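Visitor: After the sequence you'll find the predicted model.
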Amino acid sequence: MTVYIEKEAQNLREELAALRARVAVGVAQEVFWFSGTGAQTAFALPSGWKPRFVYVDGALRRPGTGEDYTVSFDGFIHTVKFAVAPATVDVGMICVREA
């Protein structure tokens, strides 16, 4: 038995751009990159930026005590502290600007 499904082609780039526009209205986002050393566990972000998603070597990490990392704030700077130091790989953080 052969089944044929016909559906109009969709331009997913336009849909994704529209979705991003709705989600990010008024929110400044930036990606910050760091290099893991295998020993460094704390990575400080520039003032005014708060981490939203953290990736190590392309893999999304879980926030929270007992998970992959925690975030501390000293009143000026957010610092991401890993439970285990990332190896010599790229560490990427998608951050939002605080109001």
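Guide: Noted; the coordinates are in hand.

Visitor: Which residues in stretch 81-93 does the neighbour count mark as buried?
Guide: Neighbour-count burial for stretch 81-93 flags 82, 86, 89, 91-93 (criterion: 16 or more other Cβ atoms under 10 Å). Just so you know, the C-beta spots here come from the backbone N, C-alpha and C atoms, and that holds for glycine as well.

Visitor: With secondary structure as extra columns, can I get the residues you listed in a markdown table?
Guide: As requested, the buried residues of stretch 81-93 are exported to a markdown table (DSSP: H, G, I helix; E, B strand; the rest coil):
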| residue | secondary structure |
| --- | --- |
| 82 | strand |
| 86 | coil |
| 89 | coil |
| 91 | strand |
| 92 | strand |
| 93 | strand |
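
Visitor: Out of these, which is nearest to residue 64?
Guide: Nearest to residue 64 among the buried residues of stretch 81-93 is residue 82, at 12.3 Å by Cβ to Cβ.

Visitor: residues in contact with that closest one?
Guide: Residues counted as contacts of residue 82 (Cβ atoms under 8 Å, 6 or more residues apart in numbering) are 41-43, 56, 61, 68-69.

Visitor: Quick one: classify residue 51 as helix, strand or coil.
Guide: strand.

Visitor: how far away is it from residue 65?
Guide: 16 Å (Cβ to Cβ, to the nearest Å).
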